[in-house]
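**Student:** No letters, just coordinates:
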Ligand SMILES: Cc1ncc(C[n+]2csc(CCOP(=O)(O)OP(=O)(O)O)c2C)c(N)n1
Ligand SMILES: Cc1ncc(C[n+]2csc(CCOP(=O)(O)OP(=O)(O)O)c2C)c(N)n1
Ligand code: SF4
Ligand code: SF4
Ligand SMILES: [Mg+2]
Ligand SMILES: [Mg+2]
C-alpha cells in the first residue's frame, strides 16, 4: 500500500499501474512463474499484493503470506493506515516529512516515529523525497515531477526487499512513459536508486514466514516478535533466571547487527552492550567479562564467525561460560550478506583447531529464539563452557504472533559461582554431574589464581606438559560436552507416528517442513517430523527414535551438513534435500521430496515392522 | 656425548655420573617405566643413551633410536666429534666459545657454525657458559665451579628436549653434592635453568623416529632431511616444476616457524619470504600474491590456523590457488606448542563458515613432506583452489635418511595462466576437466576485471544475488573439489592382503603403524595397512578397498577425526584408537590394538570370504 | 596509444550508492586522476575491503579486488610484493581501515609499502546501516548507541603520523577542483601515501562535516596548506596561523591587525613531523587543514624487497637437493 | 590487614625465563610497585597475551589471565567493563602488542580504558626463537631474516601518541630505582597508561640497548624527564636540550658554555603533545627520553560506561515482554 496525500500523485500512479496492467499487457501480471510461486515463502506475493494494493488494496493477513507493507510519505498517511496493518508489518517512512508542522496537520502531538507508537512494527525511516530528487536530478525535471518519481523509488526498494527482478517494473515504466523520455529516464533512475539503496544499505530481504499452522489462536496474550527480538529478550530473561548480569560484546555485521541494536535498547534489563573494534575483540571482551564474573555474550555472522574461532579455543581451554550467537548468512566469504542459509553447522561443531568440542543449539522460529537463548545460557552456566547458538538472517527478520511467556514458568538457571560457604581454593574442584569447575572471579580473596590457554593441570590449574594430564584434560573436555546430553529432554516427534519416513530438520526450516509434513500426513502418507534444537551433543534417544523409521529425509539450506553429522554419529543412511540459493525452502519443494520417499501409512506400518 | 676440553671438567663429570649410577642406586637407571619404554618413540632412549655416552659413549645409529646428540663446549670438541655423528644429529654449541682465537687453536680457519660445515645437522647455538653463570650467580661460586655447572645446565636442556622428568637428575645431584650445599644448589639451579631455557624458548622436543623399517638401504644417493626441510624443498621444487614463482608469507609460530626459517635460506630458488604482522596478514598477502600471478603459500599452527579461516573463504570464493601448510600442535588454544598432535583434521575439512570446501592432504614422513608439498602445489594450480597440507610438530623436527630425488622424475605441473593464444576476456571460461577458471593476473591488458568475496556470476564474475546462480556456484565449488579425486592415484595397501583387519591411518603415525602392522603380519595375523595422503576428497576406490575387510582400525593422535570422516563418507563402522597426550604412538600401543581385533590369516581368508 | 578520457575509467557496472552520497564525487575524482596521469588499466589495481566505500573498485575500469573487511592493506602488500610494477591503490573506510583493519594499516604505513591508500571517512558504518565508528564523535546516536556513543574518536591523520607514514594528506569529497590533483600526488609519492577524504554519508550521518564543507563558510573553516607557504586562510586570505613558541600551539591572527605581518605566520614544511602534528591537531574555532600535510622521502619496503628478494629462480632445485653431505650408496 | 612485603606478591611457580633475562628485573619491579601501593591481590588482575613477557602473570600473586597472542587489551577491556572495581594490568611484548595486537592496543588507548599497559620491548620475538619484530631495527639478522630485516620499525611511544594515549612513559628493565615508582604512577593514572620498557633478551637480541643501558655512559645517553623541569642530562647534569623555534627541533647544548643558561632549555610539559612528539623523536647522538613523557586528564571509557550502562537490572523482564501492543485473546 502506497499512502500519501494526493499531492504525491498516488492516485495518479495507482491509475497508471491499473491502466498498464489492465491492458493485460503488464508483464508483472503475467510473470510466468507467478502462479507456481504463489505460495512461495520468498515474499513473491509482493508483485501481486502490490497490485491488489493499487486495486483498492484488500489486505492479505492469512499466515504464510507476505507481511503487509506500508510506504508512508507523511504522518497522516501513517496514522490513517496504522490500524489496518498486520502486527510486525514493515513500514517505510519518508523521515523528513515528519516535521512539527506536518505532525500538527495530522493532529499528532508527538512523533509516532519516536514515541513508541511503532514499537511492534519494523520501521525503516528513509529520506525518500531527498534520495529520489538526487536520483532524478540529472534529468532536470521540475520539483513536482521529481517528487512523483518517489513511488518508483519506493517500488525499487520493495522489489529489492521482496527479492524480485526489476525487469517487469522497468517494462511497465517504459510502456507508460514511452512518449516522455525525460520522465521515463527519471522514473527508471528512481526505480534503480530505490533498489540500489536496499542493496547498498544491506537492508534485509523481507521473507514470508510459514509460522506453525494457523490453528485458531489459543487463549493467551499475544505480541509480535522477530527472531532478533526473541533472542534479545531471551538473553535478558536468562540473565534474570540465573541472577547473573550480562555483557554483550559485538561488532556490526549483517544480519547479526539487529541483535546488537535490540539489546542496545534493553540495557535497563541487566545487560550492557559494547561495540568492539572487530569480532576478535568482541569475543575476547565477552570472555574477559565471563572471566570477571559476568556472562559474556557475543554475536556475529559469516566471516565474523570465522574470526572468533581462535578465542573459542581459549574459552574451552579455560572452561569459562560464553554464549556465541551466529546469525547465519549465505557464503562463502562475504557471499550474499542479506540472504539466508544454514551453512555454518560444520563450523559450529568442527571449526576449531585441535579437539575443542562445545555444545551447539539452533532456534526454529522467532518465538523459539526466546527459549533457545535461555537454553544456551543455561548450558553455558551449568557446564562452564562456551555455547554456540545458531539462527539465520531469515529468522532474525521474520516476525510472528507470539504468546507472551510467563518468566515464572521457566526453571531458574543454576551456575557455579562460589557461595559464602564454598571453601577457599579448589577453583578446579569439579561438579560430579557436569564436571564443571568453579566460576571463581577476581574480587574474591578466596580464589586468587592464574589461568590461561596453555594446557593446565586437571586439579591445580597450573601449566602442565605432562602427557597423562593432557590426555586426561582432552577426555575431560569431551566428557563435559557429552554430559550435556544427560540434561537434555528426550527428542520427540513433532507430528506423525513411528514407521515410514522421518523428516529430520533443524533451525528456520521448521515452519516450511511442518506444513509440508502436515499436508503429507493428511494425504495419508507415513511421515513424521523430527526437529532438532540440540545439534551437539545430539539427544540420547535420537538413534533409537530414528531406528523406528525406514527412511530419513534431511532437508537443509546447505550442502548436507546435518546429514553428515547424522551419518557419522548414528551410522545410518539419510536422504539429504539441499538448497543453497539464499532462499528458504518452499513447502512445495519439501512436499515433493516427501512424496518421493514416503509410502501410504498402511504399508508403512508393515514396513516399520520388517525391522 | 658431552665434549669439551678437560678444563670443562668433563671427565670429572663423566666419572661422577658413572660412579653415581654404578652404585646401581641411580634413579635414572632404575626409572620404573624405563624398560617398558625402551622402544618408545618419544626419545626415551635418552636417559639410557645419555649414560652410554657417559660410559665411553658407543654411538647408537640404528634407525628407530634417539638421534645422537653432541654438546660442544668449544670448536675443537665440535670438529673432533663431527665424524662420529649420525647425519641429522642434534648439536648444541656453546656459541661464544667460537672465538677467532679458539678457532685457531682448533686449527680452523673458518667458523664451522657459519661456513656451512653443519648444513645437515640441527644446530642450536646457545650461550651456555653465560647462561650457566647467570643461573648460579646467587650461590657465589668461583668462576671455575660455576662453569662446571655447565654440564648440568646442558643435561637440563636435554631432559627438556627429550621430554624426560627432572626428578632423577635432581636426586643424582643431591646424592653427589650432599656434602656441599652451595654446589648442590648451584647445580640444581643450572639443571633447572637449562630445562627452563628449552621450554621458554619453545625449543622443539626431539622425537625418536620410526622411519620405514631399516631394510638394507637401496642403491642411491642419500641425505638427511627433516620434515620442515622436506616441505621447503618440495615447495621450491614444485615452483620449478610449474615454472611459477612463489611468495611465502607467514607469521612465526611453533612448530611452523621452522618452515619459514628454511625457506628464508632458499630465496635464490624462486621463492621469496615475507614475515607478516600476523597470520591474517600472512594469508592475505599470500592471496594477494596469487591474485597477482605468483603462487602464494602460507603456513601456521594451532591458533594461527584458526585466524586464517576467514581468508580461506575468500580464496575459495575468488577461486585462486593457495597452499596453506598446517604444522599441527597440541591444543586447544595455546595448548602445548612443542607437543605433537593430529587434531586439526576437522578444522581443515570443515572449519570455515558456509559451504566452503577445499582439498586436504597430509604428509607421512620427512621425505614424504617433499612429495606432498609438490602434490599440494599441483592440486592448487590444476584446480584453482586453496589447498591445506597437514603436517605436525613431530614431522617438522624429525629427520630421516632420504634418497635424493631426481626432479626430472616428477611430472611438470600444469596451471591455467593465459597464454599468448588465449582469447581476451573470459576469465571465467572453465576447464572442462577441472572446471577451473583462468588464472588471469594484473599486468595483462586482455583480462582487466574485478573480483571479490561477494557471490559472483558463474560466467561473468560480476556480483550476482540471483538465487539460481548462487545454487550453481555452490554446486560448482563442491564439484571442483570432488573432481580432484578424478586425478588421484588409486589408494593402495601399504602392506598385507585384503581380508581381516585394515589399519587406516594418516600423517606422521606412518612409521609407527608400519612397524606394528609388519610385526603383526609376521606373527601370522590377517592385517593390512592403508595410509592416506589425500583426506579430502578421499580416493575414489577407498570404499571398495575397505569393503574387502572385516574390520577397520583407525589409529590417530586425536579424538577420532579421520574415523568420523570415514563413517560419514563411507558409512562403515570403524574402530578408533586415539591418543591425545602430545606424544606419538608407541609401536606397542598400536600392536596391542591390532592383536585385539585381528585374527590369524587362515580364518581371516574365510572371514573375508563370508562377505 | 590513444589518450584516455576520464570516462574511459568508468565500468559498465551500475553504481550502487545512495543518490547524493559523497562516494560519487570521490569516484569521479578518481576517474579524473587516472585520466590526468593516463594510468594503464592493465597495470593498475584497486584493492578494497568491505563497506560502501570499498565498493569503489567495481566502478573503476582497471584490475580490482574487493576483498574482506579490514584486510585490504595486507592483500595489497602481497600484490605489490608479487609484482612491484603494478600501481596499487587501497580503498578503505573509517570502519574498514581504522576499526577492524587498524593493524594492517599500521604495518603498511610503517613498512612504507608503495601503496596509494584512500580512507573515506564518513564517521559512520554506512553499509551496515549506520552504527557509530572509531572516528564518530562522542555522543553520536546510532542503532548501536541510541543513547550516544561513549568512545573517544581516533584521528586518522594522527594515527598515520604515529605509524610513521611518509605521506599524509586530507581532502573533502566535494572538492572536485583539488581532489584529482591530490590523488595524483599521492600516486606520485614513493611509499605509502595516506589520504583521508571527508565523505558525506547522506543517509546515516548527513552533513556531519557541514561546519567545514558549507560553501558559505568554507573559506573561514578550511586551511589549505602548501609546502613553503605561510598558513593563511579566510575569504580575503587575510587570516593566518602563528606559532606560540612558548606553548608550542597555533593561534589564529589577522594579517595587518595589531602589527601582525605575513612574516609572523608559520610557514608549512611538509617534511617536519612537528608541523604535521600541529596541523592535524587543529580544532574549531581554528580551521581544518587540507592538502599535503606531511611528505618525506624514505626507502620503500617493496623496492628493498624486490632488490634483496627477487623471486626469480637463480639456482636449480636439483642443486639444492644435493647440498650438504651426501651419503653415496650406489 | 597486615602490611604486604614485595615477596608476598611472588607465586610458588618456577620462573621460566632464561637466566639474565631482563624480564626478571621487570618482575621484581612489578612486585615492588604492588607492595609500594599495597595492592589487594583479590582486586588486582594481570592480563597478558603470548610471549616470554606474557608469562609474567604466572609469577604475580594476584588474579592472572594468560590469554592469546595479541588480544590482551581486548580481554582486559572486557574485564574492566564487567568489574570497574578491579585494577587491571596488561602485560605485552613488542610482538604481542605491536605486531599481531596493534589494533586492540590502538583501541584500548583511544578509548582511554583505565588499564596499566606494560609493553616489554626487546625488539625481538623471544618465545619463538628470535625472529625480528616490528620494533627491530632495519638490518636485524634473525632466523626469518638471515640477510637482515627490511622493515622500518615502529616507535611504540609515537604509535601510542598517534592513538591518543593519555599517559605515555618509557623505562628500562635494569632501572630498579626508578621502575617501581613509574609503575605506581601508571597505576595511579586514570585512563590507559602506556609504559614501554626496554628489555634485554640476552639470548636472541643481547645488548641491543647497550648504547643507552651501559652504566658507564648512561648519564650521557639517558634523559630523565620531569614535568616542569628543564631537559637536562649528563654526568654533571651539565647538558641540556634547547628548542630551535625555527626548525622546531631539539638541539643539545652545554649549560654555561657560549652563553647558554638553564633558562634556555626546554621545560618539560607532560600535557603538551608537541613536546611528547619531540621527546619520542629523539635519536642518537641525542639522548633517549625516559620517565613520564606525556600525561593528561581525559574521561575514561570504563567510567563513562559504568555510569551510562550499569549492568544492574532495573526492570523485570516480564515488563519488557509485555511492552508494545498486546493482542489479548483470553
Ligand atoms: C569480518 C567482517 N566483519 C564485519 C562485517 C560487516 N561490515 C561490512 S562493512 C562494515 C563497516 C563499514 O564501515 P566503513 O569502513 O566506514 O565503510 P562505509 O560503509 O562507511 O563506507 C562492517 C562492520 C564484514 N563484512 N566482515
Ligand atoms: C595466534 C598466534 N600466533 C603466533 C603465535 C606464536 N608466538 C608466540 S609469542 C610470539 C611473539 C612474541 O614476541 P613478543 O611479544 O615480543 O614477546 P617476547 O617473547 O619477545 O617477550 C609469537 C609469534 C601464537 N602463540 N599465537
Ligand atoms: S549508506 Fe551512506 S555511505 Fe553508504 S552509499 Fe548510502 S550514503 Fe553513501
Ligand atoms: S628468550 Fe629472551 S626474552 Fe625470552 S626468556 Fe630468554 S632471554 Fe628472556
Ligand atoms: Mg564509514
Ligand atoms: Mg619481544
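**Tutor:** Alright, I've got the coordinates. Bear in mind the structure is a predicted one, so any value in this text is a computation, not a measurement. Ligands and ions are numbered 1, 2, ... in the order given.
**Student:** burial of residue 266, as a residue count?
**Tutor:** In the absence of a named chain, chain A is used. 22 (other Cβ atoms under 10 Å in any protein chain shown). Bear in mind the C-beta positions are built from the backbone N, C-alpha and C, glycine included.
**Student:** look at chain C instead
**Tutor:** By the measure other Cβ under 10 Å, the count of residues near residue C:266 is 19.
**Student:** hang on, it packs against residue C:232?
**Tutor:** No. With contact defined as Cβ atoms under 8 Å, residue C:266 does not reach residue C:232; the gap is 10.1 Å.
**Student:** in the stretch 501-611 of chain A, which spans are helices?
**Tutor:** A:510-522, A:542-547, A:561-570, A:587-597, A:601-610 (DSSP state H, counting those that start in this stretch).
**Student:** Including mean neighbour count, could those helices go into JSON lines?
**Tutor:** Formatted as JSON lines, the helices of the stretch 501-611 of chain A follow (neighbours: other Cβ atoms under 10 Å in any protein chain shown):
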{"stretch": "helix A:510-522", "mean neighbour count": "22"}
{"stretch": "helix A:542-547", "mean neighbour count": "16"}
{"stretch": "helix A:561-570", "mean neighbour count": "22"}
{"stretch": "helix A:587-597", "mean neighbour count": "18"}
{"stretch": "helix A:601-610", "mean neighbour count": "14"}
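**Student:** With distance to residue D:291 added, can I get those in a markdown table?
**Tutor:** Formatted as a markdown table, those follow (distance: least, Cβ to Cβ, whole Å):
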| stretch | distance to residue D:291 |
| --- | --- |
| helix A:510-522 | 65 |
| helix A:542-547 | 66 |
| helix A:561-570 | 58 |
| helix A:587-597 | 72 |
| helix A:601-610 | 83 |
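**Student:** Tell me which of those helices sits nearest to residue D:292.
**Tutor:** Closest to residue D:292 of the helices of the stretch 501-611 of chain A, according to Cβ to Cβ: helix A:561-570, at 56.0 Å.
**Student:** got the angle for that closest one vs helix B:561-570?
**Tutor:** With axes from the mean of the first three to the mean of the last three Cα atoms, to 10 degrees defining the directions, helix A:561-570 sits at 110 degrees from helix B:561-570.
**Student:** So for helix A:561-570, mean pLDDT?
**Tutor:** Summarised as a single mean, pLDDT over helix A:561-570 is 98.
**Student:** hang on, residue C:189 packs against residue C:294?
**Tutor:** No. Between residue C:189 and residue C:294 there is no contact under Cβ under 8 Å: 10.7 Å.
**Student:** which stretches of the chain have low pLDDT?
**Tutor:** Unless you meant another one, I'm taking chain A. For chain A, the stretches with pLDDT under 70 are A:1-69, A:80-81, A:83-88, A:162-164, A:202-216, A:603-611.
**Student:** Please refer instead to chain C.
**Tutor:** In chain C (pLDDT under 70), the answer is C:1.
**Student:** So what pairs up with the residue nearest the centre of it in the strands?
**Tutor:** Compute the mean C-alpha point of chain C, and by Cα atoms, centre = their mean the closest residue is residue C:195, 1.9 Å away. On the basis of DSSP bridges, residue C:195 takes part in beta bridges with residue C:118, residue C:169.
**Student:** got the contact list for it?
**Tutor:** C:116-119, C:169-171, C:182-183, C:186 (Cβ atoms under 8 Å, 6 or more residues apart in numbering or on different chains).
**Student:** Next: residue A:455.
**Tutor:** A:317, A:463-465, A:469-470, A:473, B:330, B:335-336, B:582 are the contacts of residue A:455 under Cβ under 8 Å, 6+ apart.
**Student:** any idea how far ligand 6 is from it?
**Tutor:** Applying Cβ to the ion, to the nearest Å, the value for residue A:455 to ligand 6 is 23 Å.
**Student:** how much space between that residue and ligand 2?
**Tutor:** Applying Cβ to the nearest ligand atom, to the nearest Å, the value for residue A:455 to ligand 2 is 14 Å.
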